[in-house]
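Peer 1: This is a predicted model, with the sequence first.
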Amino acid sequence: MKITFIRPNMYPVRSADAMTPLCFAILKGLTPPDVDTSFYDERLEPIPFDEPTDLVAMTVETYTARRSYQIANEYRRRGVRIVMGGYHATFLPDECLQYADAVVQGDAEGIWGRVVADARAGRLRPRYEQAEFAPLAGSWLDRSIYTGKRYLPVTLVQYGRGCRYNCDFCSIRAFYGSSVRQRPVREVCEEIEQVGHHHVFFVDDNIFVDVAKATELFQALIPLKISWSCQCSIDIARDPALVKLMQRSGCTMALFGFESLDRDNLQQMRKGWNLKFQDYETSIKVLQDAGIMIYGTFVFGYDHDTVASFDRAVEFAIGHKFYLANFNPLTPTPRAPLYDRLEQEGRLIHDRWWLDPRFHYGDATFHPRGMTADELTAGCYRARTAFNTSGSILHRLLDRRTNFRSPQRVGIFLLSNAVTRREIHHKQGLALGDATPLLPIVRHA
Ligand code: B12
Ligand code: SF4
């Protein structure tokens, strides 16, 4: 039996900065060794549809759903069975089943072996779902699946899954519920040592689970002498000693979801805790004094945003010499509380924007209250462009505590900013998938 793993691309433009998709190293690690496999990442290479295979396994996110269904159509025409998993497949299994033979909801661990066995026996079932999340100890990733592909030279590692917060636009709670699970720190360190790269990106949605778990990880990382980056909630800055330890353990950069400078917006998105304990200035100073480069993300379109909000956020991010920043239109994804609210309020522009050929990357998907949808689209694009001018890059670079701390940091800063600047114009306005029509499976009762 042969399985072909596929990572669909959002749009038909190859990527120069793709990172290794972890889910396929996990799936490969869970696949019995006597099963042949191949793997295609459409961000890097075309998919050879005519290569013989028995089962196609795709990961589907909301932004890649349209393209995933088009790929499924191609394989179905050739009589190949298809299984889909990942965020979108978990949230909208019935939509995916219009294009696939089977859908896996939730984690692959504890379930993938059964899917493979059923496919082998010719009795694939439409739905696979776990009763509860399995503990993460003992996971083994087979990264040989990435061999020969041009990914960024950074090792993606996962310490835990889930988040203790519940921001209304985010998919994490909808996927993991309130479950927050960590891998044993020893296993995480062994994995990093085995891979042997010196730069690690922790893909956890929030590395700051709690003080004890963060401390345990940071202390264990010190002897590895790696440099690492992560995503983190800003409330870690209440604890300067923990931030210092984070830096000593090798953290050079962390992404923080600032989201908004407006308290009422933060309340509305259930992220009032961003400013509950101290203001942004204090938090930023703690982080930057410790040497951590800040990647700040902002979202626009909440009820207290106006056309003036974009410039304020850009000035704030440049003024604080952020390493990078992103300015996105608020985008409702299925099963996130935001989606249901906007749908109930009749404010969604499309019926399922992710399938609508009129939707383009960067477009507003709903009618905001404080500006028009077009102003929201244009404002985010303008903010990204303004943040990435040469003058802004030079100004931000010159912070001795962070971006200008060492020649190596300067190199990383300049390279990341150059890539980001190019990507903004590359991505904006691209339609999802290609022009081929979606052809749902007709199932007879
Ligand atoms: C790292 C990351 C990125 C990296 C890319 C990493 C890479 N390798 O290419 C960067 C920063 C570039 C990025 C970009 C974007 N991302 Co992103 N990203 C993540 C993040 C934080 C971690 C991904 C990861 O490695 N997870 C660990 C792996 C092991 O988990 P997993 O992929 O979910 O896989 C498990 C299960 O889902 C399941 N599974 C998954 N696929 C399959 C397939 C089969 C067949 C089976 C059986 C099982 C299965 O098994 C796996 C193991 O249990 C996730 C959040 C998260 N926690 O996952 C967001 C996340 C996936 N990203 C998200 C978004 C929105 C984006 C962007 C669209 C943002 C933007 N506006 O531009 C872009 C574009 C993404 C794209 N599709 O091209 C959303 C997706 C929401 C949704 N409803 O689809 C997430 C969930 C973040 C969030 N909080 O909402 N992202
Ligand atoms: S803190 Fe981040 S990961 Fe956690 S719910 Fe909010 S946006 Fe999602």
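Peer 2: It's in. Ligands and ions are numbered 1, 2, ... in the order given.
Peer 1: can we go C-alpha only for contacts and neighbour counts from here?
Peer 2: Fine.
Peer 1: Pop the domain breakdown of this structure in here.
Peer 2: Domain assignment of the chain by automatic domain parsing yields the ranges 2-129, 153-427.
Peer 1: Columns mean neighbour count and distance to ligand 1 on top of those, output as JSON lines?
Peer 2: Below are these laid out as JSON lines (neighbours: other CA atoms under 10 Å; distance: least, CA to the nearest ligand atom, whole Å):
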{"stretch": "domain 2-129", "mean neighbour count": "19", "distance to ligand 1": "3"}
{"stretch": "domain 153-427", "mean neighbour count": "18", "distance to ligand 1": "4"}
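Peer 1: Redo those domains as a markdown table? Include mean pLDDT.
Peer 2: Listed next are the domains of the chain as a markdown table, based on pLDDT from 0 to 100:
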| stretch | mean pLDDT |
| --- | --- |
| domain 2-129 | 97 |
| domain 153-427 | 97 |
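Peer 1: Which of those sits closest to residue 137?
Peer 2: Taking CA to CA, domain 153-427 is the member of those nearest to residue 137, at 5.3 Å.
Peer 1: before we move on, the earlier item: which one of the domains of the chain lies nearest to residue 146?
Peer 2: Comparing the domains of the chain by CA to CA, domain 2-129 comes nearest, at 7.0 Å.
Peer 1: Pipe the domains of the chain into a markdown table and attach distance to residue 438 per row.
Peer 2: Formatted as a markdown table, those follow (distance: least, CA to CA, whole Å):
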| stretch | distance to residue 438 |
| --- | --- |
| domain 2-129 | 6 |
| domain 153-427 | 9 |
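Peer 1: Go through the ones you listed and name the closest to residue 443.
Peer 2: Comparing those by CA to CA, domain 2-129 comes nearest, at 8.6 Å.
Peer 1: Checking that closest one against ligand 2, do any of its residues make contact.
Peer 2: No - using CA under 6 Å from any ligand atom, we find that domain 2-129 stays clear of ligand 2, coming within 13.5 Å at best.
Peer 1: and that domain, how far out from the chain's middle?
Peer 2: Relative to its chain's centre, domain 2-129 lies at 18 Å (CA atoms, centre = their mean, to the nearest Å).
Peer 1: Same check on stretch 173-192?
Peer 2: 16 Å.
Peer 1: Between the two ends of it, what distance do you get?
Peer 2: Chord length of stretch 173-192, first to last residue, is 27 Å (CA to CA, to the nearest Å).
Peer 1: Which residue ranges of this protein form strands?
Peer 2: In the chain, the strands defined using DSSP state E lie at 2-7, 36-41, 55-59, 81-85, 102-105, 127-129, 155-157, 160-161, 181-182, 199-202, 227-232, 251-259, 293-300, 324-329.
Peer 1: In TSV: those strands, plus distance to residue 400.
Peer 2: Output for the strands of the chain, formatted as TSV (distance: least, CA to CA, whole Å):
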stretch	distance to residue 400
strand 2-7	40
strand 36-41	39
strand 55-59	41
strand 81-85	44
strand 102-105	47
strand 127-129	50
strand 155-157	27
strand 160-161	32
strand 181-182	35
strand 199-202	21
strand 227-232	18
strand 251-259	13
strand 293-300	11
strand 324-329	16
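Peer 1: phi, psi of the closest residue to ligand 2 within the stretch 201-350 of the chain?
Peer 2: Nearest residue of the stretch 201-350 of the chain to ligand 2 (CA to the nearest ligand atom) works out as residue 205 at 4.4 Å. Main-chain dihedrals, residue 205, degrees, to the nearest 10: phi -70, psi -30.
Peer 1: thought it was touching residue 166?
Peer 2: No - contact criterion CA atoms under 8 Å: residue 205 and residue 166 do not qualify, at 11.6 Å.
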